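Engineer: need a structure here:
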Amino acid sequence: MSGIQLLFRINSLLFLLAGLIGCRQSDETADRQQALVSEPVPYYNTPDFTPVWLTNPIDIQQKITHRIADFAFYDQTNRLFTQDSIANKIYVANFFFTACPSICPKMTNLLKAVQDTFLHEPKVALVSFSVTPWLDSIPRLRQYAANKGIISTKWHLLTGERGKLYELARRSYFAEEAIGFSKDSTEFLHTEHLILVDQNRRIRGFYNGTLPLDVDKLIADMNTLLRE
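Structural biologist: You can find the predicted model right below:
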């Protein structure tokens, strides 16, 4: 066997080995994604983030008493946005401000992936509440949306009265963990949490909006809720 033939055979074996490894990695990735999708999604009833695992409809009705309260704010298109705007939808809520230099850009970039994943799913929405509504006017939110590729029919940037926004964030969305109920509503709110809410206004998940793995889990949980 000549040196060229030997080299050819070695290269062929290496190529075959690389292909087998690649297939195995693809299979493992698919298995991990399938495992995430198949996991049940808990309920969250209290601001200490304790998950409640229930499947019986009667138990859910009796034991899961927390619901997101009614609200009314304006979005980047100057339209009034209320609970009726997202009736019978699952949605992701978060709290941000357009001038934020740190966690907000990371959250927005990762939420863009959520928007794009469910772009053509009418039962999914994204809702971002400004925590500096005195600065985030409707024109400013509109410009922010344009700069970030935010689609107004899917992702709503909301502004309104500061006290009402902060009370909703802390009391309904548990935006700052267990301190949410006792904290002064005028104290500045800043959190990296993404909150998953189901079609019945119940909290179903909390995720770190700056971590890609957490956002992958959020997307998987959203797919699970869509099948419930």
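Engineer: all strands of the protein, in order?
Structural biologist: Per DSSP state E, the chain carries strands over the ranges 43-44, 51-52, 72-74, 80-82, 90-96, 124-130, 155-158, 193-197, 203-208.
Engineer: Adding distance to Lys148, write these out as a markdown table.
Structural biologist: All C-beta atoms are positioned from the backbone trio N, CA, C, and that covers glycine. Output for these, formatted as a markdown table (distance: least, CB to CB, whole Å):
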| stretch | distance to Lys148 |
| --- | --- |
| strand 43-44 | 28 |
| strand 51-52 | 31 |
| strand 72-74 | 18 |
| strand 80-82 | 18 |
| strand 90-96 | 11 |
| strand 124-130 | 10 |
| strand 155-158 | 9 |
| strand 193-197 | 16 |
| strand 203-208 | 19 |
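Engineer: Gly149: which of these is closest?
Structural biologist: When those are compared by CB to CB, strand 155-158 sits nearest Gly149, at 9.4 Å.
Engineer: Show me what counts as buried in the closest one.
Structural biologist: 155-158 (16 or more other CB atoms under 10 Å).
Engineer: domain parsing for this structure?
Structural biologist: 1-38, 40-226 (automatic domain parsing).
Engineer: and the ones you listed, which is most packed in?
Structural biologist: Highest mean neighbour count of the domains of the chain: domain 40-226, a mean of 17 (counted as mean count of other CB atoms under 10 Å).
Engineer: Name the residue closest to the centre of this protein, please.
Structural biologist: Val92 (4.4 Å; CA atoms, centre = their mean).
Engineer: Do I have it right that that one meets Lys112?
Structural biologist: No. Checked against CB atoms under 8 Å, the pair Val92 and Lys112 is beyond contact range at 11.8 Å.
Engineer: follow-up on the earlier one: would TSV of the buried residues of strand 155-158 with distance to Gln62 and pLDDT be doable?
Structural biologist: Below are the buried residues of strand 155-158 laid out as TSV (distance: CB to CB, whole Å; pLDDT from 0 to 100):
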residue	distance to Gln62	pLDDT
Trp155	34	98
His156	32	98
Leu157	36	98
Leu158	32	98
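Engineer: ok, so of the residues you listed, who is nearest Arg142?
Structural biologist: For the buried residues of strand 155-158, the minimum distance to Arg142 (CB to CB) is 8.2 Å, reached by Leu157.
Engineer: Once you drop chain neighbours, what's closest to Ile225?
Structural biologist: Careful, residue 225 is Leu and not Ile. The shortest distance from Leu225 to any non-neighbouring residue, by CB to CB, 6 or more residues apart in numbering, is to Ile90 (4.9 Å).
Engineer: And the pLDDT for the one you found?
Structural biologist: Ile90 carries a pLDDT score of 98 in this model.
Engineer: Please name the spatially closest residue to the residue nearest to the centre of the chain (chain neighbours excluded).
Structural biologist: Setting aside the residues directly before and after it, Val92 is nearest to Leu126 in space (CB to CB, 6+ apart), at 5.1 Å.
Engineer: Contacts only, for the one you found.
Structural biologist: Leu126 makes contact with 91-92, 111, 114-115, 154-156 under the criterion CB atoms under 8 Å, 6 or more residues apart in numbering.
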